[in-house]
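K.L.:
For reference, the sequence and a predicted model appear below.
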Amino acid sequence: MLVAVGVLFSAVMPAWADGSVSFQSDVLPMLKARPEFERFLLGTLKVNDAGSGTRISDLAMPHLGGTRMGPYEFQASWRDAGGDVPVTLVIDTDVKFFDKAGREIRDGRLKQATRLRETFSGMQIEPRR
């Protein structure tokens with residue numbers, strides 16, 4: 001897995017940039033599969049809906065150009081008895097890419113990718129950036 005991620009980023013890193021995403025519509029549905037994290041997040045943090053994710057360029061993957069994927073970053077407030085504490089929430093995902101026949105791409109030929117599937121893999125809460 002780490003080798004595949006390394007190949008992905010070394011092959012297309014210059015072609016990636018940040019793109020806008022919505023916590024409610026883009027990220028929260030992934031958390032539904034992990035209700036304990038969803039419950040913790042929604043009970044502990046007030047998350048701004050507008051955030052950013054990695055934007056795939058047309059050059060890197062012609063069929064997925066403009067698509068956003070994790071990691072996602074949102075400004076949030078940690079609800080504390082002493083008051084709200086500003087933080088940055090980072091949502092990490094596992095990403096799988098698929099070709100037009102629906103086969104997972106495992107050999108690094110990501111220009112053939114026509115679809116991706118993300119699953120929630122973890123989160124980080126950091127001081128506000």
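P.N.:
Received, thanks. Please read all numbers here as calculations on a predicted model, not as lab measurements.

K.L.:
in this structure, what residue sits furthest out from the centroid?
P.N.:
G82 (30.9 Å; CA atoms, centre = their mean).

K.L.:
quick one: contacts for D49?
P.N.:
In this structure, D49 makes contact with 22-24, judged by CB atoms under 8 Å, 6 or more residues apart in numbering. Any C-beta I mention is one placed from the backbone N, CA and C, and that applies to glycine too.

K.L.:
what's the first-to-last distance across stretch 75-93?
P.N.:
From its first residue to its last, stretch 75-93 covers 18 Å (CA to CA, to the nearest Å).

K.L.:
Count residues in the vicinity of the closest residue in space to D99 that isn't next to it in sequence, would you?
P.N.:
Leaving aside its sequence neighbours, D99 sits nearest to Q112 (CB to CB, 6 or more residues apart in numbering; 4.8 Å). Residues lying near Q112 (other CB atoms under 10 Å) number 16.

K.L.:
try T93
P.N.:
Neighbourhood size, T93 [other CB under 10 Å]: 19.

K.L.:
Name the nearest residue to it, ignoring sequence neighbours.
P.N.:
Distance criterion CB to CB, 6+ apart; nearest residue to T93, sequence neighbours excluded, is G70 at 3.3 Å.

K.L.:
ok, how many other residues are close to that neighbour?
P.N.:
22.

K.L.:
ok, now the one 10 residues further on?
P.N.:
The number of residues packed around D80, counting by other CB under 10 Å, is 9.

K.L.:
Report the separation between the residue nearest to V47 when sequence neighbours are not counted and K46.
P.N.:
In this structure, V47 finds its nearest non-sequential neighbour in A76, 4.5 Å apart by CB to CB, 6+ apart. Distance of A76 to K46, given as CB to CB, to the nearest Å: 6 Å.

K.L.:
Same drill for the two, tell me which one is more crowded.
P.N.:
A76 (22 against 11).
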